[in-house]
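Visitor: task: produce atomic coordinates for the following.
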Amino acid sequence: MHVLESYALQNDLKIDKASVYEKYFPLAVDKFITIDTSNLGTSALAYDHWQLVVDLIFPKLEEQGIKIVQLGDKDCAPIRNCYITLGQCDFNQRAYILRKSLAHASPNNESSHVASLYNKKSVVLFSNNCYPTQFLPYWTESNHLEILQPENSRKPSFNPNENPKSINTIKPEEVAKKILNLAGIHTFFPEFKTIKIGTSFGRPRIESTLTHLLDVKKLGVSSLITRMDLNFNEEALWKQLESCECSVITNRPLSDETLDRYHKKIVELVYYIEDDNSPEFIKKTKGKSMRYLLRSRKEKEQTSDFKLDYLDYGLVEQVIPRSQNDFEELKDVKNLYYKSTHFIIHNNKFYPSTAAFLRLEQGSPSMEHEPYPVIDDPLFWEEEEHFHFFEKK
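Guide: Reported below is the predicted structural model:
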């Protein structure tokens with residue numbers, strides 16, 4: 001039973017169609033659809049792949065002169081290629097915008113129900129923390145409504161803060177197809193099928209080999225990760241640390257001068273312990289009250305020897321080498337491709353993985369790139385949480 005019907009039954013009331021007082025909101029576009037990314041403070045309703053959806057639908061909508069208006073709270077992440085209204089309009093102004101939209105997409109939030117008052121064509125995403133039949137937009141005609149929920153839905157968890165979030169298992173191409181169909185566009189046939197999206201795909205990670213001084217504000221990140229293990233250049237590191245705080249990944253000790261001058265500018269140090277290593281370096285790092293991690297790619301027996309050497313300085317994490325078949329969703333998948341949000345900047349080119357950089361292939365002038373074939377290499381799979389994996393149809 002729908003929750004509205006339950007309330008009506010308990011209170012002996014008749015359900016009538018609600019009305020909303022609208023307030024004018026100035027828009028620079030006339031022909032548009034709306035996407036509301038707000039989640040009512042419930043992380044289970046926060047779909048992390050709206051940008052992937054927009055990347056798919058934007059070219060098709062542009063052909064028809066249809067724009068995309070993003071609704072949401074000021075804390076929502078802005079989506080590229082959208083007209084942004086985040087934090088700029090109140091509930092009544094959103095109602096005004098929704099009435100004028102051609103179609104609407106959102107998780108199960110308040111805007112999906114406001115759109116229902118106008119019988120708007122809507123795509124609504126549900127997590128596995130409720131029964132969708134209880135919370136469907138009540139006044140929307142069935143032929144105007146598309147409901148998407150996680151694959152293999154089971155008994156609801158009723159957890160407002162799922163981990164992992166089930167809503168993120170809804171494939172972006174499925175959301176895109178439903179939106180375009182409701183907008184009257186039936187020519188969308190994706191070339192790729194989503195197989196897996198890494199848990200950190202929505203959080204870009206930018207690393208630098210220090211071939212150029214980088215401006216983190218232009219890159220849209222709060223701090224930079226410097227790859228001294230790929231290009232050990234302390235003078236370049238000093239220049240970058242003068243510009244911004246950095247995390248440092250290294251397999252060689254930093255000099256005493258670097259630690260003395262810049263220890264407060266190093267957010268975190270990740271030390272990969274190799275055959276030629278220095279416990280004394282980590283002793284000095286600890287003495288500066290720096291945050292650090294110790295890792296080893298060596299076999300278990302050799303890593304155990306490292307643990308004895310670094311017993312006074314913390315746990316040495318062994319990085320286990322993995323391959324494609326170590327991931328159940330990807331096992332035996334042919335024609336496997338990926339897109340990345342983990343980039344290494346080298347000579348002003350963006351490389352979508354460490355494995356790609358070491359082969360000096362797949363470099364692009366920006367973070368926008370077409371899907372690349374996966375590289376079945378242990379270094380590649382260390383970074384899988386930042387990849388969106390596709391099967392080419």
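Visitor: just checking, residue 363 touches residue 349?
Guide: Yes - taking contacts as Cβ atoms under 8 Å, residue 363 lies within contact range of residue 349: 3.7 Å. All C-beta spots, glycine's among them, are computed from the backbone N, C-alpha and C.
Visitor: the more surrounded of the two?
Guide: Between residue 363 and residue 349, counted using other Cβ atoms under 10 Å, residue 363 has the larger neighbour count: 19 against 16.
Visitor: tell me who's in contact with that one.
Guide: Shown in contact with residue 363 (Cβ atoms under 8 Å, 6 or more residues apart in numbering): 346, 349-351, 356-357.
Visitor: any idea how far it lies from residue 337?
Guide: Distance of residue 363 to residue 337, computed by Cβ to Cβ, to the nearest Å: 17 Å.
Visitor: need the contact list for residue 169.
Guide: Residues in contact with residue 169 (Cβ under 8 Å, 6+ apart) are 150-151.
Visitor: what's the answer for the one 4 residues further on, then?
Guide: Contacts were defined as Cβ under 8 Å, 6+ apart; by that measure residue 173 touches 56, 190, 192-194.
Visitor: which of those residues count as buried?
Guide: 56, 192, 194 (16 or more other Cβ atoms under 10 Å).
Visitor: need the contact partners of the helix or strand containing the last one.
Guide: For residue 194, the enclosing helix or strand under DSSP states H and E is strand 192-197. Residues from elsewhere that reach strand 192-197 (Cβ under 8 Å, 6+ apart): 49, 52, 168, 171-173, 327, 329-330, 333, 336-337, 371, 388-393.
Visitor: circling back to that earlier point, top of the contacts of residue 363 by number of neighbours, please.
Guide: residue 351 (25 neighbours).
Visitor: measure the residue lying closest to that residue once chain neighbours are set aside to residue 248 for me?
Guide: Leaving aside its sequence neighbours, residue 351 sits nearest to residue 357 (Cβ to Cβ, 6 or more residues apart in numbering; 3.9 Å). Using Cβ to Cβ, one obtains 17 Å as the distance from residue 357 to residue 248.
Visitor: tell me where the model's unsure across the stretch 51-200 of the chain.
Guide: Flagging of the stretch 51-200 of the chain using pLDDT under 70 yields the residue ranges 153.
Visitor: so which residues of it form helices?
Guide: Assigned by DSSP state H, counting those that start in this stretch, the stretch 51-200 of the chain shows helices spanning 91-100, 110-117, 132-135, 172-182.
Visitor: tell me what angle the longest one forms with strand 192-197.
Guide: Right, the one you point to is helix 172-182. 140 degrees (axes from the mean of the first three to the mean of the last three Cα atoms, to 10 degrees).
Visitor: what's the answer for the second one, then?
Guide: Here helix 110-117 points in a direction 140 degrees away from that of strand 192-197 (the same axes, to 10 degrees).
Visitor: what lies in contact with helix 110-117?
Guide: Under Cβ under 8 Å, 6+ apart, the answer for helix 110-117 is 17-20, 34, 36, 38, 40, 71, 91, 94-95, 98, 101, 104, 106, 122, 124, 137-140.
Visitor: could the contacts of residue 363 go into CSV alongside secondary structure and distance to residue 286?
Guide: Formatted as CSV, the contacts of residue 363 follow (DSSP: H, G, I helix; E, B strand; the rest coil; distance: Cβ to Cβ, whole Å):
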residue, secondary structure, distance to residue 286
346, strand, 31
349, strand, 36
350, strand, 34
351, strand, 33
356, helix, 34
357, helix, 30
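Visitor: which single one of these is nearest to residue 255?
Guide: Nearest to residue 255 out of the contacts of residue 363 is residue 346 (Cβ to Cβ; 22.9 Å).
Visitor: let me see the contact set for that closest one.
Guide: Per Cβ under 8 Å, 6+ apart, neighbours of residue 346: 208-209, 211, 230-231, 357, 363.
Visitor: quick check: bridge partners of it?
Guide: As for beta bridges, residue 346 partners with residue 349 under DSSP bridges.
Visitor: roughly how far does residue 218 sit from residue 51?
Guide: 19 Å.
Visitor: so who does the residue lying closest to residue 170 once chain neighbours are set aside touch?
Guide: Residue nearest to residue 170 in three dimensions, not counting chain neighbours: residue 148, with 5.1 Å by Cβ to Cβ, 6+ apart. For residue 148, the contacting residues are 123-126, 170, 174-175, 178, by Cβ under 8 Å, 6+ apart.
Visitor: rewinding a little: buried by neighbour count, from the contacts of strand 192-197: which ones?
Guide: 49, 52, 168, 171-173, 330, 333, 336-337, 371, 388-390.
Visitor: in strands, which of the residues you listed fall?
Guide: Counting by DSSP state E, these place 336-337, 388-390 in strands.
Visitor: report pLDDT for the residue nearest to residue 351.
Guide: pLDDT, residue 357: 96.
Visitor: quick check, it in contact with residue 347.
Guide: No - taking Cβ under 8 Å as the definition, residue 357 is not a contact partner of residue 347, at 10.6 Å.
Visitor: quickly list what the residue nearest to residue 170 is bridged to.
Guide: Bridge pairing for residue 148 - DSSP bridges - gives residue 125.
Visitor: can you check residue 107 too?
Guide: residue 125.
Visitor: and if you look at residue 293?
Guide: According to DSSP bridges, beta-bridge pairing links residue 293 with residue 270.
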